[in-house]
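Trainee: Got a predicted structure plus its sequence, pasted below:
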Amino acid sequence: MAVAPISCSSRVPLGAGESSTGGTGGSSTTTATSTVGTTAPGTTDAGSSTTAPALDSSGGPGSEGPPPVVFDVGGGMATGTTGDDTTTGIVIDWDCDALPDIVQTDLVAARGYHDVFFDEDGHILGWDGGAIVAVTYDDELSVWLPGVNSAQAFDWLADGDVVYTNDYSELRRVTPELQNTVIATGLSGAYGVTVGPDQRAYVSRSSGVSRIDPESGEVIQWVTLPGNATPRALVFNLDSTGAYMSTLTFGNAPVYFVEVDDDLMPSEDPVLFATGVGEGYHDGLGIDACGNLYVPDYYTSGLYRVAPDGTVTTLYSQGIAGQPHYGHGLEWGSGIGGWNDHAIYLPQPYDSGTVNEVVLGVPSGSLVRTWSGGG
């Protein structure tokens, strides 16, 4: 397991004229030194691969207009557009073959329990034990949704509604008017939720992954992992031909991959993608624009990068379970209001519910993700 050096910084919010791409303690470049020409698994085993999609000047293959807003929800998809007439498309300012050392910053006012998410108004949102609170990058805190007794993972629907899981085996939906309703119940062990390209909610729970229609509330068993392993979080690969799943399995600490068809239904049984991703209990999962996975691991209180070929790199490890700096959940920054879109944000339930910013130097896979088929 390779170990990447890390550096730490005190928090210095970006000024109005600075780019959020570089992030706190980091730096941005303007030279397009690479494309997204790395490979990601997409067939029946960890050794087979497909090439990640090429970029075009309009923000993605077959698209028109400005590139999407990149606030990653559950490691998932972009959820809106820039809302302006920008036509420059995606600026590639990262090199997949030479990613920089990570830079960590403990934030001041941001709060999160097992997940955080971002909105279009420059807030990071997370559960503080009694409400979902919204915090700006310069530490202005407000209550977004009061009276929330439990919340686990969050994601956005394309219509601007938020879905989230809780300890009561529910999937709930919150509208922009803050109407909070139940979509589905009986989801034992519900934790991670990812909205797929089909606008279905994929909920990781003790018995596998359920796919839930947020309109009708219909629940189907989407996948069951080998040996009845418990999936913890899910993210689709860059061309939506498959999905990765982190687990609660102790010891070999596996990450699985399942190939899907044009309707995003599994076309093969799940296969082992990587092992030794820490020691077990993966409470978050994300994918970058190079196809690398990022996995926080409970038993080592560490963070791991898994390359498209399954190679595991330790970004940091505290070596002991449940240390204060452990990130329980993972979301990419929005790039709005100072939040860094080349960084991930990790809520730290063992450090008073604070949030850690980890600058990676590469944006979310949602920037380049395409859908291989469907409607």
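Mentor: Happy to help now that I have it.
Trainee: The stretch 201-350 of the chain: strands as residue ranges?
Mentor: 201-205, 208-212, 219-223, 231-236, 242-247, 255-259, 271-274, 286-287, 293-297, 302-306, 312-316, 331-332, 343-348 (DSSP state E, counting those that start in this stretch).
Trainee: Tell me the strands beside the fourth one, with direction?
Mentor: Sheet pairing here is set by DSSP bridges, and for strand 231-236 it gives strand 242-247 (antiparallel).
Trainee: Name the surrounding residues that touch the strand it pairs with.
Mentor: 41-42, 192, 202, 204, 209, 223, 225, 229-237, 253-260, 270, 273, 277, 280, 282-285, 287, 293, 295 (Cβ atoms under 8 Å, 6 or more residues apart in numbering). The way it works is simple: take the backbone N, C-alpha and C, and place the C-beta from them, glycine included.
Trainee: Looking at it now, give me its mean pLDDT.
Mentor: Across strand 242-247, pLDDT averages out at 98.
Trainee: orientation of that strand relative to strand 219-223 in degrees?
Mentor: Strand 242-247 and strand 219-223 are oriented at 90 degrees to each other (axes from the mean of the first three to the mean of the last three Cα atoms, to 10 degrees).
Trainee: one step back: mind checking which of the contacts of strand 242-247 are buried?
Mentor: 41-42, 192, 202, 204, 209, 223, 225, 229-237, 253-260, 270, 273, 277, 280, 282-285, 287, 293, 295 (16 or more other Cβ atoms under 10 Å).
Trainee: re earlier: with distance to V182 as extra columns, can I get the strands of the stretch 201-350 of the chain in JSON lines?
Mentor: Listed next are the strands of the stretch 201-350 of the chain as JSON lines, based on distance: least, Cβ to Cβ, whole Å:
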{"stretch": "strand 201-205", "distance to V182": "13"}
{"stretch": "strand 208-212", "distance to V182": "11"}
{"stretch": "strand 219-223", "distance to V182": "12"}
{"stretch": "strand 231-236", "distance to V182": "21"}
{"stretch": "strand 242-247", "distance to V182": "25"}
{"stretch": "strand 255-259", "distance to V182": "28"}
{"stretch": "strand 271-274", "distance to V182": "34"}
{"stretch": "strand 286-287", "distance to V182": "27"}
{"stretch": "strand 293-297", "distance to V182": "29"}
{"stretch": "strand 302-306", "distance to V182": "34"}
{"stretch": "strand 312-316", "distance to V182": "37"}
{"stretch": "strand 331-332", "distance to V182": "24"}
{"stretch": "strand 343-348", "distance to V182": "24"}
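Trainee: Out of those, which gets nearest to A110?
Mentor: Proximity of the strands of the stretch 201-350 of the chain to A110 was assessed by Cβ to Cβ; the nearest stretch is strand 343-348, lying at 7.5 Å.
Trainee: avg pLDDT for the closest one?
Mentor: Here the average pLDDT along strand 343-348 is 98.
Trainee: Which strands and helices lie in contact with that strand?
Mentor: strand 331-332, strand 354-359 (3 or more Cβ pairs under 8 Å, 6 or more residues apart in numbering; DSSP states H and E).
Trainee: packing partners for the longest one?
Mentor: Strand 354-359 is packed against strand 102-106, strand 343-348, with contacts defined by 3+ Cβ pairs under 8 Å, 6+ apart.
Trainee: starting at the chain centroid, how far to the shortest one?
Mentor: In terms of Cα atoms, centre = their mean, to the nearest Å, the centre of strand 102-106 is set 17 Å apart from its chain centre.
Trainee: right, and the helix or strand after it?
Mentor: strand 116-118 (DSSP states H and E).
Trainee: Just the pLDDT at L234, thanks.
Mentor: pLDDT, read off for L234, is 98.
Trainee: What of the one 4 residues further on?
Mentor: The model reports L238 with a pLDDT of 97.
Trainee: For it, grab the count of nearby residues.
Mentor: 27 (other Cβ atoms under 10 Å).
Trainee: from memory it sits against L367, does it?
Mentor: No. Using Cβ atoms under 8 Å, L238 makes no contact with L367, being 9.6 Å away.
Trainee: Between these two, which contacts overlap?
Mentor: With Cβ under 8 Å, 6+ apart, L238 and L367 have common neighbours A289.
Trainee: So which of the strands of the stretch 201-350 of the chain is nearest A153?
Mentor: strand 231-236 (7.4 Å).
Trainee: now the angle from the closest one to strand 255-259?
Mentor: 50 degrees.
Trainee: Could you export strand 231-236 as CSV, keeping only the C-alpha atoms?
Mentor: Below are the C-alpha coordinates for strand 231-236, written out as CSV (Å, rounded to 0.1, in the frame of the first residue of the first chain):
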residue,chain,number,x,y,z
PRO,A,231,-23.0,-2.2,1.4
ARG,A,232,-22.4,1.2,2.9
ALA,A,233,-22.2,3.7,0.1
LEU,A,234,-22.5,3.6,-3.7
VAL,A,235,-21.2,5.7,-6.6
PHE,A,236,-21.7,5.2,-10.4
